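# would you be able to build a 3D model of this:
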Amino acid sequence: MLQFFERHRLIKKGLASGKTRRRHGNNETMQAMESGLWVKLLIYLAFVTGLGFLIFSGNRPQPIEKFFISLLIFLTALAQLWINHPQTFARNFRVALVFGVCLAHLVIVKTILLVTWHSPAYRDFGPLIIPYAFAPLILSALLGKNHGIFAAIFVSLWGSIVVREVQPEPDKFIVISLITGFIAVFVTQRIRRRTQFIRAGLFVGLATWMLAMVFGLIVWQIFEGIDWKNIAIESAVTVASGIITAILVSGSLPILENAFGITTDISWLEAADLNHPLLKRMTIEAPGTYHHSLVVANLAEAAAEAIGANATMARVCAYFHDIGKLVKPDYFTENTTPEQNPHNDLAPTMSALIIIAHVKEGVDLALKNNLKKEIIDVIQQHHGTSVMYFFYNRALQQQEDARQGGKIMNIRAEDIPEVREESFRYSGPLPQTKECAIISLADCVESASRSMEKVTPQRIDQLIHDVIERRMADGQLDECDLSLKEIKTITTSFKSTLLSMLHSRVAYPKQMSASDSRPEPRGDTRPEGGARTASFTAA
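The predicted structure follows:
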């Protein structure tokens, strides 16, 4: 409260700005919920309670034994999640998503079988309309194929216990659930369009239909006559169930993405639209920065694809990584000319302050335009804590010049201002993800490549190695999980992409003027002779 009144007093005196910059920070309450042990235990308790309710509801023999088996399966699922997916296990929201989707899957299955079981006319349709691929589809699309396989396995095991009351043959349920779940994961490994969910639903529906025919869930007696009408209805219902499940999953993804802070490849592709207002502003106000961002996006996407990172995310984040330069575009080299460089009239420390500020300005613009959290993280981290060596060296040179002049003018050395390296460093933090680290390296490599006078494979290779080694020596890659092998792969990718973009062209011949004498064409050029006439085209 006191800080508020003090700030208001300074604003009235003109000693402070009335503008408050938006800050990108983590809410302490949300952090506690994300990593708190008690929250995790509550999630486990809620899932076990829901599982127990599904098991004990109905006239089921030996429910305690079934619940104990389900509890052992749950402990196995926890161990599997902890071993194979430690990042998911450490984040409570992801744990809630995984077990919440699995529990919803089991509730839907139990409800459908109970309703159809008590309706003799629709009893045979119960096993055919179960959405076997519901949980695998959702988790595969949101968290990746490994989580989809996790869901396919454990909802099949739990489901065989939950439906035992209304499904006397649980072994058939397990087989159908496992196979359809695996097929759903296989066809949604890298899903990039929502229409691909329809294809996935069709494959799941066909797989369910084939298994239903094999296990006799679709009844057809050869010796007693085939009821084609009934087979057609049951077959259509089975295939339609898979398609409808995929449509429902596709519609629920945006809600789940917003609720759990997850961005799928589909959403990244939607965010890659170059007609975004910020990018359109950049084309007009900072065209050099816009071109730089496109080149960085090409470099980052190719490198991310080469090491198996999220290439679409890297491209989209690269588009927006320098949007902070929109505030003062004329102070950045890609938007200026040597004859109109505003830094010529500024002290190096002032120039450094202006350049460093583009990171905070970028975060401010990103928050104002509701950009995704991953994009904001890249804007904030892509320079890490690196040093602006150009202005730092200029400051050192000016300090040395001042000392030399001070000896002549009898100025004491302690009166000459010290040049501190911290004043020329970005505030960080360091890149935390592979995609952010790739964009950081691509940004440096692209900027450095602009100063090359003669492009050769050897010079490009040396430039890339120098940039990456300098970043590694400065500790800028210490907090991301890039391995040395992946860095080598990124280096190769950068070299290939830069060579394709900076290759030299063949010198075209000058256009011949009308007064120039044309050489005599060789051969027979008469139309009636059937030969081609000589022609000259300007490149």
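# so who does residue 150 touch?
77, 80, 81, 84, 85, 98, 139 (Cβ atoms under 8 Å, 6 or more residues apart in numbering). Heads up, the C-betas are built off the backbone N, CA and C, glycines and all.
# show me where pLDDT drops low in the stretch 201-350 of the chain?
Scanning the stretch 201-350 of the chain for pLDDT under 70 picks out the ranges 219-227, 338.
# how about the strands of it, start to end?
Applying DSSP state E, counting those that start in this stretch to the stretch 201-350 of the chain gives no strands.
# hang on, the earlier thing: would you mind giving me the PyMOL syntax to select the buried ones in the contacts of residue 150?
Buried subset of the contacts of residue 150, written as a PyMOL selection, criterion 16 or more other Cβ atoms under 10 Å:
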select buried, resi 77+81+85+98+139
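# redo the contacts of residue 150 as CSV? Include pLDDT and distance to residue 63.
What follows is the contacts of residue 150, written out as CSV (pLDDT from 0 to 100; distance: Cβ to Cβ, whole Å):
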residue, pLDDT, distance to residue 63
77, 95, 20
80, 93, 25
81, 93, 26
84, 92, 31
85, 92, 31
98, 95, 25
139, 93, 28
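# nearest to residue 62, of the contacts of residue 150?
Nearest to residue 62 among the contacts of residue 150: residue 77, at 22.1 Å, using Cβ to Cβ.
# in the helix or strand encompassing that closest one, what's buried?
Secondary structure from DSSP states H and E places residue 77 in helix 63-84. Of the residues in helix 63-84, 63, 66, 67, 69, 70, 73, 74, 77, 81 count as buried by neighbour count, 16+ other Cβ under 10 Å.
# and the gap between the second one and residue 132?
Counting by Cβ to Cβ, to the nearest Å, the gap from residue 66 to residue 132 is 21 Å.
# can you pull the pLDDT of residue 533?
Residue 533 is assigned 37 on the pLDDT scale.
# same check, this time on residue 142
91.
# before we move on, the earlier item: so which of the contacts of residue 150 comes closest to residue 263?
residue 139 (15.1 Å).
# next up, identify which helix or strand that closest one is on.
Counting by DSSP H and E, residue 139 is found in helix 134-143.
# which residues are in contact with that helix?
88, 94, 97-98, 101-102, 104-105, 108, 147-152, 155, 181-182, 184-185, 188-189, 191, 197, 200, 204, 245-246, 248-249, 252-253, 256-257, 260, 262, 264, 266.
# same question for stretch 62-69.
With Cβ under 8 Å, 6+ apart, stretch 62-69 has contacts from 51, 52, 55, 56, 60, 161, 164.
# so for those, which is the shakiest by pLDDT?
Out of the contacts of stretch 62-69, that is residue 60, at 62.
# hang on, the earlier thing: buried subset of the contacts of stretch 62-69 as a ChimeraX selection?
Selecting the buried subset of these in ChimeraX, with 16+ other Cβ under 10 Å as the burial test, is done by:
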select :51,52,55,60,161,164
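# find the pair from the contacts of stretch 62-69 with maximum spatial separation.
It's 52 and 164 that sit farthest apart of the contacts of stretch 62-69, by Cβ to Cβ, at 14.7 Å.
# and the residue most central in space within the chain, how far is that from residue 249?
The chain has residue 313 as the residue nearest its centroid, 3.3 Å off, counting by Cα atoms, centre = their mean. Distance from residue 313 to residue 249, counting by Cβ to Cβ: 21 Å.
# ok so, going back, now do the contacts for the residue nearest to the centre of the chain.
With Cβ under 8 Å, 6+ apart, residue 313 has these contacts: 263, 268, 304, 374, 435.
# how about the helices in the stretch 101-250 of the chain?
Ranges of helices in the stretch 101-250 of the chain, per DSSP state H, counting those that start in this stretch, are 134-143, 145-162, 170-186, 195-214, 228-260.
# so which of those helices comes closest to residue 501?
Between the helices of the stretch 101-250 of the chain, helix 195-214 lies closest to residue 501; by Cβ to Cβ that is 31.2 Å.
# packing partners of the closest one?
If you count contacts as 3 or more Cβ pairs under 8 Å, 6 or more residues apart in numbering; DSSP states H and E, helix 195-214 packs onto helix 134-143, helix 170-186, helix 228-260.
# what sits up against the second one?
Among residues not part of helix 170-186, those counted as contacts by Cβ under 8 Å, 6+ apart are 127, 132-133, 135-137, 140, 145, 148-149, 151-153, 155-157, 159-161, 163-164, 167, 200, 203-204, 207-208, 211-212, 215, 217, 242.
# out of those residues, which are buried?
Buried among the contacts of helix 170-186 (16+ other Cβ under 10 Å): 127, 132-133, 135-137, 140, 145, 148-149, 151-153, 155-157, 159-161, 163-164, 167, 200, 203-204, 207-208, 211-212, 217, 242.
# about what we covered before: let's have the contacts of residue 150 in a markdown table, adding distance to residue 498.
Shown next, in a markdown table, are these (distance: Cβ to Cβ, whole Å):
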| residue | distance to residue 498 |
| --- | --- |
| 77 | 47 |
| 80 | 43 |
| 81 | 41 |
| 84 | 37 |
| 85 | 36 |
| 98 | 41 |
| 139 | 38 |
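# out of the contacts of residue 150, the closest to residue 442 would be?
Nearest to residue 442 among those, with distances taken as Cβ to Cβ, is residue 85, at 28.9 Å.
# how far away from the center of its chain is stretch 151-164?
Relative to the chain's own centre, stretch 151-164 is displaced by 32 Å; criterion: Cα atoms, centre = their mean, to the nearest Å.
# got it, and stretch 454-462?
The mean C-alpha position of stretch 454-462 is separated from the chain mean by 31 Å, Cα atoms, centre = their mean.
# now that stretch: buried residues?
For stretch 454-462, the neighbour count (16+ other Cβ under 10 Å) marks 460, 461 as buried.
# circling back: any chance of the buried residues of helix 63-84 in JSON lines, plus distance to residue 477?
Formatted as JSON lines, the buried residues of helix 63-84 follow (distance: Cβ to Cβ, whole Å):
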{"residue": "63", "distance to residue 477": "55"}
{"residue": "66", "distance to residue 477": "51"}
{"residue": "67", "distance to residue 477": "49"}
{"residue": "69", "distance to residue 477": "48"}
{"residue": "70", "distance to residue 477": "45"}
{"residue": "73", "distance to residue 477": "41"}
{"residue": "74", "distance to residue 477": "39"}
{"residue": "77", "distance to residue 477": "35"}
{"residue": "81", "distance to residue 477": "29"}
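# for those residues, point out the one with the lowest pLDDT.
residue 63 (79).
# still on that earlier bit, export the helix holding residue 139 as PDB, just CAs?
Output in PDB follows, covering the C-alpha atoms of helix 134-143 (Å, rounded to 0.1, in the frame of the first residue of the first chain):
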ATOM      1  CA  PHE A 134     -12.000 -42.200 -25.900                       C
ATOM      2  CA  ALA A 135      -9.100 -42.000 -23.400                       C
ATOM      3  CA  PRO A 136      -6.300 -43.100 -25.800                       C
ATOM      4  CA  LEU A 137      -7.400 -40.500 -28.400                       C
ATOM      5  CA  ILE A 138      -7.500 -37.600 -25.900                       C
ATOM      6  CA  LEU A 139      -4.200 -38.400 -24.200                       C
ATOM      7  CA  SER A 140      -2.400 -39.200 -27.400                       C
ATOM      8  CA  ALA A 141      -3.500 -35.900 -28.900                       C
ATOM      9  CA  LEU A 142      -2.700 -33.800 -25.800                       C
ATOM     10  CA  LEU A 143       0.300 -35.500 -24.300                       C
END
